[in-house]
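*Asks:* My questions are about this predicted structure, shown below with the sequence.
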Amino acid sequence: MNRKFVIGVDFGTDSCRAVIIDVENGEEISSSVKYYPRWKKGLYCDPQTNQYRQHPQDYIDTLEAAVKDSLSNVPGNIAEDIIGLSFDMTASTPVLVDKEGTPLALLDEYKDNPNAMFVLWKDHTAIKESIEINELAKEWVVDFTAYEGGIYSAEWVWSKVLHVLRVDEKVREKAYSWIEHTDWMPALLTGNTKPESVLRSRCAAGHKAMWHEKWNGLPSEEFLSELSPLLSGFRSRLFEKTYPSDTCAGTLTAEWASRLGLTTKVKVGIGAIDCHMGAVGAGISPGAFVRVMGTSTCDIMVVPYDEMKGKLIPGICGQVDGSVFPGYIGLEAGQSAFGDLYAWFRKLLEWPLENILSKSELLNDELKSKLIEEVGDAIIPLLSEEAMKVPVKKSTIVATDWMHGRRTPDANQLLTGTIAGLTLGSSAPLIFRALVEATAFGSKAIIERFIESGIEIKEVIGIGGISLKAPFVMQTLSDVIGLPIKVSRSQQTCALGAAMFAAVVAGKYNTVQEAQLKMGQGYICEYKPDWENFEQYKELYRKYLSLGKFTESSHILNS
């Protein structure tokens with residue numbers, strides 16, 4: 001019998017990754033990573049105003065290139081043996097569309113307009129709108145934020161859509177509806193893009209769009225119209241039902257089968273948020289706290305219905321029935337900046353390289369470019385090496401992890417970072433250590449919120465680039481939270497999770513749990529807490545909480 005394969009596609013912040021997986025044993029046959037060309041050039045983004053936009057053509061081009069490249073790396077022709085394809089994406093990353101469901105940036109008149117593009121998850125231009133949503137929700141007869149932690153975020157779809165409609169009249173004239181990137185790719189590949197007919201992801205809608213069966217779907221037309229007349233009518237051009245990701249969205253159209261080098265027999269699954277599928281790829285089960293650790297963090301748990309018992313967990317990113325897999329409530333939390341915090345510090349230290357060395361007349365351009373790249377790449381590894389030598393008791397600098405606002409617990413994108421305890425003796429490794437500890441303290445605050453709400457955490461699983469490449473960060477995190485952390489073996493855990501869903505959608509397995517057992521790749525290592533450090537970190541964590549309160553109160557006074 002011929003071997004059968006599935007493709008998992010992971011659309012991350014910077015790139016599209018495609019993996020070809022054997023459905024029998026989870027073996028990775030081939031993979032490819034393609035970086036978004038426009039994004040890589042920094043187009044359509046303005047970090048000073050927290051604007052981060054991505055062009056839909058970047059998604060199309062990298063998908064086609066990654067899948068074709070993966071296929072080309074496999075001996076022989078296995079296209080006929082690929083039976084399913086599923087996606088995971090960042091979220092909330094929505095775009096405004098026309099009546100045909102076409103993202104406006106794909107129309108000639110809008111092709112260079114950032115407001116016609118996908119608004120990336122980390123875009124924080126809609127803070128004002130999120131505040132208005134929260135204020136109205138607390139006054140309304142129904143609190144539509146109740147199952148989203150009670151606080152609606154500037155990172156989520158309704159905030160972003162309203163902001164774009166307000167600031168861009170030209171886009172507003174053409175905008176008929178909106179769609180999440182999570183839903184657009186399956187719709188595009190199966191030829192079902194009309195806004196009213198697209199099969200929408202339970203995961204994205206429940207966690208980011210205030211969708212809940214209790215109020216028959218999305219927030220009411222009355223609520224949205226009261227929020228802004230610009231949103232009037234949108235609800236009727238959207239959806240009421242949503243679907244878990246073990247649902248088939250359709251099969252590849254002839255056009256897309258040809259473009260990807262596949263067949264029209266390939267079944268395409270409903271998409272999900274990257275961290276949710278990553279949690280599945282990492283082997284999530286009740287009691288497991290899965291951390292997707294990259295530019296930001298996303299924390300996922302699955303909880304049986306009887307354990308929730310009507311609980312509403314405050315300050316998280318939602319609790320949604322079936323958002324991870326059917327039969328369980330999916331819980332989401334996370335930090336707005338994790339790896340981004342370290343990247344910020346690296347960029348800070350690179351300033352002389354980019355602004356002084358680059359102007360030197362002693363070196364040619366090629367040598368300058370090579371030198372800048374080599375030194376830049378060495379900064380974080382060397383900082384980690386030196387910071388690791390500092391005993392906890394000598395770690396006297398304290399920082400908060402809110403350089404890009406706070407996601408959880410208790411979302412507030414207006415918050416800024418704080419570093420305290422600096423002296424003339426404070427070195428770059430000491431400051432870097434404080435930043436790493438800050439991200440660990442932020443993680444501890446999330447874990448404590450779950451435990452305070454009666455959610456049992458039996459184990460921690462780490463996935464993503466940082467978990468595989470940053471031992472100092474991982475050991476510090478384990479020491480701070482006082483829990484061992486298993487690291488997923490797969491380097492493409494989110495794409496692997498998508499492949500597991502593709503195997504279910506294609507009919508190979510009946511449940512996602514069955515696919516996990518057969519296709520899981522296990523763990524590569526485990527970090528265990530140093531209990532002496534754990535005890536010493538308790539005092540530093542108390543200082544972190546105090547600094548956080550000071551930062552928040554200072555923000556309120558200055559706002």
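*Replies:* Looks like it came in fine.
*Asks:* what about Ser546, how many residues close to it?
*Replies:* 12 (other Cβ atoms under 10 Å). C-beta: built from backbone N, CA, C; applies to glycine.
*Asks:* Ok, the one 5 residues further on next?
*Replies:* Thr551 has 18 neighbours, counted by other Cβ under 10 Å.
*Asks:* Could you do Ala420 as well?
*Replies:* Ala420 has 16 nearby residues by other Cβ under 10 Å.
*Asks:* Wait, it touches Val398, no?
*Replies:* Yes: counting by Cβ atoms under 8 Å, Val398 is a contact partner of Ala420 at 5.2 Å.
*Asks:* anything in contact with each of the two?
*Replies:* Leu547 (Cβ atoms under 8 Å, 6 or more residues apart in numbering).
*Asks:* tell me the strands in the stretch 251-400 of the chain, going along the chain?
*Replies:* 267-269, 272-273, 288-293, 297-303, 319-321, 329-335, 398-399 (DSSP state E, counting those that start in this stretch).
*Asks:* can you tell which of those strands is closest to Ala137?
*Replies:* strand 319-321 (16.2 Å; Cβ to Cβ).
*Asks:* Give me the contacts around that closest one.
*Replies:* By Cβ under 8 Å, 6+ apart, strand 319-321 touches 147, 202-203, 206-207, 213, 303, 308, 311-313, 328-332.
*Asks:* Mind checking which of those are buried?
*Replies:* Listed as buried from the contacts of strand 319-321 are 147, 202-203, 206-207, 303, 308, 313, 328-332; burial here means 16 or more other Cβ atoms under 10 Å.
*Asks:* So which of those is the closest to Tyr243?
*Replies:* When the buried ones among the contacts of strand 319-321 are compared for distance to Tyr243 (Cβ to Cβ), Arg202 wins out at 5.8 Å.
*Asks:* how far away is that closest one from Phe223?
*Replies:* 21 Å (Cβ to Cβ, to the nearest Å).
*Asks:* likewise Pro94?
*Replies:* With Cβ to Cβ as the criterion, Pro94 and Phe223 are 18 Å apart.
*Asks:* Val19 too?
*Replies:* 41 Å.
*Asks:* for Asp22, same thing?
*Replies:* For Asp22, the distance to Phe223 - Cβ to Cβ - is 48 Å.
*Asks:* before we move on, what about Tyr523?
*Replies:* 45 Å.
*Asks:* between these two, which one's more packed in?
*Replies:* Higher neighbour count among Tyr523 and Phe223: Phe223, with 20 against 17, using other Cβ under 10 Å.
*Asks:* do you know how far that one is from Leu136?
*Replies:* From Phe223 to Leu136 the distance is 7 Å (Cβ to Cβ).
*Asks:* and if you look at Asn77?
*Replies:* Per Cβ to Cβ, Asn77 is found 56 Å from Leu136.
*Asks:* Which of the two has more residues huddled nearby?
*Replies:* Neighbours were counted for Asn77 and for Leu136 using other Cβ under 10 Å; Leu136 has more, 19 against 9.
*Asks:* Would you confirm that the more buried one contacts Leu227?
*Replies:* Yes: in this structure, Leu136 is within contact of Leu227 by Cβ under 8 Å, at 5.6 Å.
*Asks:* follow-up on the earlier one: want to throw the buried ones among the contacts of strand 319-321 into a markdown table with pLDDT and distance to Glu155?
*Replies:* Formatted as a markdown table, the buried ones among the contacts of strand 319-321 follow (pLDDT from 0 to 100; distance: Cβ to Cβ, whole Å):
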| residue | pLDDT | distance to Glu155 |
| --- | --- | --- |
| Tyr147 | 97 | 17 |
| Arg202 | 98 | 19 |
| Cys203 | 98 | 15 |
| Gly206 | 98 | 15 |
| His207 | 98 | 11 |
| Val303 | 97 | 23 |
| Met308 | 92 | 24 |
| Ile313 | 97 | 18 |
| Tyr328 | 97 | 24 |
| Ile329 | 98 | 21 |
| Gly330 | 98 | 18 |
| Leu331 | 98 | 17 |
| Glu332 | 98 | 12 |
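*Asks:* Pick the one among those closest to Leu106.
*Replies:* Cys203 (24.7 Å).
*Asks:* Using just helix, strand and coil, how would you label the closest one?
*Replies:* Look at Cys203: counting by DSSP: H, G, I helix; E, B strand; the rest coil, its state is helix.
*Asks:* Distance check, it against Trp211.
*Replies:* For Cys203, the distance to Trp211 (Cβ to Cβ) stands at 10 Å.
*Asks:* go on, Arg235?
*Replies:* 11 Å.
*Asks:* Now do stretch 148-166: distance from first to last residue.
*Replies:* Distance across stretch 148-166, first residue to last, is 24 Å (Cα to Cα, to the nearest Å).
*Asks:* Going by neighbour count, which residues of that stretch are buried?
*Replies:* Here stretch 148-166 shows 148-165 as buried, counting by 16+ other Cβ under 10 Å.
*Asks:* I'd assumed Pro286 was in contact with Val324.
*Replies:* No: look at Val324 against Pro286 with Cβ under 8 Å: they stay out of range, at 10.7 Å.
*Asks:* Overlap in contacts, the two.
*Replies:* Counting by Cβ under 8 Å, 6+ apart, the common neighbours of Val324 and Pro286 are Val302.
*Asks:* More neighbours: which of these two?
*Replies:* Using other Cβ under 10 Å, the more surrounded residue of Val324 and Pro286 is Val324, with 31 against 13.
*Asks:* From Val292, how far out is the residue most central in space within the chain?
*Replies:* For the chain, the residue nearest the mean C-alpha position is Thr90 (4.4 Å; Cα atoms, centre = their mean). Distance, Thr90 to Val292, using Cβ to Cβ: 11 Å.
*Asks:* between those two, what contacts are shared?
*Replies:* The contact lists of Thr90 and Val292 share Asp274, where a contact means Cβ under 8 Å, 6+ apart.
*Asks:* What about Tyr305, how many residues nearby?
*Replies:* 10.
*Asks:* Identify the bridge partners of the closest residue to it other than its chain neighbours.
*Replies:* Using Cβ to Cβ, 6 or more residues apart in numbering and skipping the chain neighbours, the partner closest in space to Tyr305 is Ile329 (6.7 Å). Under DSSP bridges, the beta-bridge partners of Ile329 are Val303, Asp321.
*Asks:* picking that back up, nearest to Ser384, of the strands of the stretch 251-400 of the chain?
*Replies:* Among the strands of the stretch 251-400 of the chain, the nearest to Ser384 by Cβ to Cβ is strand 288-293 (14.7 Å).
*Asks:* List the buried residues in that closest one.
*Replies:* 288-293.
*Asks:* before we move on, what about stretch 320-339?
*Replies:* Within stretch 320-339, the residues that qualify as buried are 320-325, 328-339, counting by 16+ other Cβ under 10 Å.
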